[in-house]
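> Here is my input; please provide its structure:
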Amino acid sequence: MSISYPRQSARTRRFTLGVPRAFQIAADGSYVAFLRTKAGDDPVTCLWTLDTATGEERLIADPAALDVKGE
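You can find the predicted model right below:
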């Protein structure tokens, strides 16, 4: 059974989850930092980098994995 368009649009926040945003390019151009969720239906925004020489993306910070309670 497929998911209806309205439900899919709501679940993906109008298809914006998983799309890179807020780009910052390093002064030497060696990498690009950006914000993006891990998937199209994941609401947690993570910090990523892209190595411009290799094209490799790397997850830098995942708020869900951080200890925000100080425990």
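
> And the helices in the chain, which stretches?
5-11 (DSSP state H).

> Quick check: which ranges of this protein have low pLDDT?
1, 67-71 (pLDDT under 70).

> For it, which segments are assigned as strands?
Under the criterion DSSP state E, strands of the chain are mapped to 21-25, 31-37, 45-51, 57-61.

> got CSV for the ones you listed, with mean neighbour count and distance to residue 9 too?
Any C-beta I mention is one placed from the backbone N, CA and C, and that applies to glycine too. Converted to CSV, the strands of the chain look like this (neighbours: other CB atoms under 10 Å; distance: least, CB to CB, whole Å):
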stretch, mean neighbour count, distance to residue 9
strand 21-25, 11, 18
strand 31-37, 17, 16
strand 45-51, 16, 19
strand 57-61, 12, 26
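
> right, so of these, which gets closest to residue 10?
The closest of the strands of the chain to residue 10 is strand 31-37. By CB to CB, the value is 15.1 Å.

> For that closest one, which helices and strands make contact with it?
In terms of contacts (3 or more CB pairs under 8 Å, 6 or more residues apart in numbering; DSSP states H and E), strand 31-37 is packed against strand 21-25, strand 45-51.
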